[in-house]
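Novice: show me how the following folds:
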Amino acid sequence: MSRGRRYEEPKLNMKKVFAVIIAIIVIIMFIFIIKGLLDRDDKQGMITSETYFVSYKDNKWGVINSKGEDVIAPTYQEMIIIPNQKQDVFLCTYDVNYDTGEYKTKAFNRNNEEILTGYDKIEAIQNYDENNNIWYEDNILRVEKTGKYGVIDLSGKEILPCEYEEITAIPNIEDAIKIKKDGKYGVIDSTGNEILKTDYQNIEALGKDNKSGYIVQSADGKFGIVNYSNSLVVDAQYDKIDKVYGNDLYVVERGGKQILVNKEQAEVLNSDTYNQITAILKTKDAGIIFEKDGKYGVMNLAGEKIIDNAYEELKEAKADILIAKQNGKYGIIDLQNNQKIEFKYNSIIYNDEADIYIAETEDFNNDLIDNTFSVRQTGILTDLNTEKGYIELRNDEGYKYYNFKFEEQNEKDIFSKNTLYLSKKDGKYGFLDKDGNVVVDYIYDDATKQNESGFAGIKKDGKWGSIDGKGNVVIEPTYNLDEYLKIDFIGKWHYGKDTNMNYYNQE
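Specialist: The predicted structure is shown next:
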């Protein structure tokens, strides 16, 4: 009787076994490393899975997260500062003596544990934009020890030692920190790299970013210009340098008179036919915008008027195109003084990235005008997002979205992560889901679109409340926000009245 073949037991491949064991060990090590990093970051106040907001209730300050939950209950007398909304490093002042101006500071994390200790003071570096809105350098802090200042990052790493007399932000310029040592000023960036040596009596930004260069004052009180690479552009020999430049031309002052010089410091224009140079035109060799006797015009570099000083305001929008004001109203002209847009608007702003003119009408709506000077849309402009390339316009039909060619866009494509979409029907507002199904009935007099935290504002009978991302009412319309410039909710918290302070309130 024959027997069937008996298959042999497979032999272990020791190389494969060893490789599997090594892989398992690596995975376990990786897990422990990640856990260690998270634990370390937690201790250092750097949990990044949350977004944090300042809260205010019953005259006390605290911190909430993007769900509207208390992270730090409102218990602090003074406003809490959050330099970076993604990191749980919170700053506060306490024991404030309003008579002497003395105060104490501390940093703490989401567990209300004090962190970044060892300094007499620890503070955010405050800055202002051109509209005087406050913002903070988001990755560094100023620290003080025994009367001297230094800089640390949000993990506590030293960027600059405490050996400086002053450390401040340069107004309206990101990532440019003005430092003072031995009575002289210099500039660093947020990583501590030296931009300008501490050699100057004073330093100001020339333009609107940290790459435009700096106006510097020498020891003898004269002014010059130094670029971002710490190279001298204009010798410090002038009584003043105005923040007007372009095409390698600079406006300087000597003996109370404005002079236009080039980078070789040769005089290009020095005329008695203007009181003030307000702009250098973008088109090379086109000339300047000047003011004389309170009116504005255009002059070429030979000193010849090409547009008489007949306008109340004059500002270049783009090459060869000017926004002008006449008889109290704004319009648009070209360099040949041809009228492109009628003088009928309260204001006109040009957005360079979108190549769109935004004009405010007498009834405070906005006309959106393209580069052929045609009005393409009218309504209330609520957002122009150059990063995502869309325009948000509100009119009687609700919100509409367009690209910069004024082609209508689907809101669901722009805000693909949203769960609710604002809709208007028969004069009332409700919310739809991505498939167009009604989630919130059309019962509200007004509403806001869903924000990044997932909430939306709802208004009924003159009062505001909020709903969550599923359309559930978080708080019934309760708040009268008629005097508030911004309507926004995180849970039961609504945005504060002072928009410059950037906080959420609960009454």
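Novice: what does the pLDDT read for residue 460?
Specialist: For residue 460, the model assigns a pLDDT of 98.
Novice: hmm, it is touching residue 477, no?
Specialist: Yes. Contact criterion CB atoms under 8 Å: residue 460 and residue 477 qualify, at 4.3 Å. Heads up, the C-betas are built off the backbone N, CA and C, glycines and all.
Novice: any shared contact partners between these two?
Specialist: Shared contacts of residue 460 and residue 477 (CB atoms under 8 Å, 6 or more residues apart in numbering): residue 444.
Novice: check which helix or strand residue 236 maps to.
Specialist: Per DSSP states H and E: residue 236 is located in strand 232-238.
Novice: average pLDDT across the helix or strand following that strand?
Specialist: The helix or strand immediately downstream of strand 232-238 is strand 240-246, counting by DSSP H and E. For strand 240-246, mean pLDDT is 96.
Novice: list the helices and strands strand 240-246 packs on?
Specialist: Using 3 or more CB pairs under 8 Å, 6 or more residues apart in numbering; DSSP states H and E, the elements in contact with strand 240-246 are strand 223-226, strand 249-254, strand 276-280.
Novice: just these: most buried one?
Specialist: strand 223-226 (a mean of 22; mean count of other CB atoms under 10 Å).
Novice: what packs against that one?
Specialist: Checked by 3+ CB pairs under 8 Å, 6+ apart, strand 223-226 has strand 214-217, strand 232-238, strand 240-246 packed alongside it.
Novice: most tightly surrounded among those?
Specialist: The most buried one of the helices and strands packed on strand 223-226 (mean count of other CB under 10 Å) is strand 214-217, showing a mean of 24.
Novice: can you get me a residue count around the residue nearest to residue 425 when sequence neighbours are not counted?
Specialist: For residue 425, ignoring the flanking residues on the chain, the nearest one in space by CB to CB, 6 or more residues apart in numbering is residue 442 at 4.6 Å. Neighbour count of residue 442, defined by other CB atoms under 10 Å: 15.
Novice: before we move on, what about residue 318?
Specialist: Applying other CB under 10 Å, I find that residue 318 has 13 neighbouring residues.
Novice: got the contact list for stretch 239-259?
Specialist: 204-207, 212, 215, 222-225, 233-234, 238, 260-263, 267-270, 274, 276-282, 284-285.
Novice: for residue 367, which of the helices and strands packed on strand 223-226 is the nearest?
Specialist: strand 240-246 (28.8 Å; CB to CB).
Novice: so what are the sheet partners of the closest one and their directions?
Specialist: strand 249-254 (antiparallel) (DSSP bridges).
Novice: domain ranges for this protein?
Specialist: 12-43, 439-507 (automatic domain parsing).
Novice: weakest of the ones you listed by average pLDDT?
Specialist: domain 12-43 (a mean of 44).
Novice: state the distance from residue 482 to residue 497.
Specialist: Applying CB to CB, to the nearest Å, the value for residue 482 to residue 497 is 11 Å.
Novice: where's the residue nearest to residue 425, which helix or strand?
Specialist: strand 438-444.
Novice: avg pLDDT for stretch 376-394?
Specialist: Averaging pLDDT along stretch 376-394 gives 95.
Novice: who touches it?
Specialist: For stretch 376-394, the external contacting residues (CB under 8 Å, 6+ apart) are 351, 353-354, 356, 358, 361, 364-370, 395, 399-404, 406, 409, 414.
Novice: go again using 7 Å as the cut-off
Specialist: 351, 353-354, 358, 365-370, 395, 399-404, 406, 409, 414 (CB atoms under 7 Å, 6 or more residues apart in numbering).
Novice: and stretch 270-285, by the same measure?
Specialist: Counting by CB under 7 Å, 6+ apart, 244-247, 249, 251, 258-260, 287-292, 296, 299, 301, 303, 315-316, 318-320 sit against stretch 270-285.
Novice: next, the distance between the ends of that stretch.
Specialist: Across stretch 270-285, the terminal residues are separated by 15 Å (CA to CA, to the nearest Å).
Novice: centre of the chain to it, how far?
Specialist: Relative to its parent chain, stretch 270-285 has a centroid offset of 31 Å by CA atoms, centre = their mean, to the nearest Å.
Novice: in this structure, which ranges drop under the pLDDT threshold?
Specialist: Applying pLDDT under 70 to the chain flags residues 1-49.
Novice: count the neighbours of residue 323 for me.
Specialist: 23.
Novice: equivalent analysis for residue 175, please.
Specialist: 19.
Novice: what do you get for the one 5 residues further on?
Specialist: Residue 180 has 18 neighbours, counted by other CB under 10 Å.
Novice: now swap in residue 274 and tell me
Specialist: Neighbours around residue 274, by other CB under 10 Å: 24.
Novice: where does it land in three-state SS?
Specialist: Each residue gets one of three states, and residue 274 gets coil by DSSP: H, G, I helix; E, B strand; the rest coil.
Novice: so what's residue 313 closest to, chain neighbours aside?
Specialist: Excluding its sequence neighbours, the residue lying closest to residue 313 (CB to CB, 6+ apart) is residue 325, at 3.8 Å.
Novice: A helix includes residue 413, no?
Specialist: Yes. The assignment for residue 413 is a helix, going by three-state DSSP.
Novice: this completes my enquiry, with thanks.
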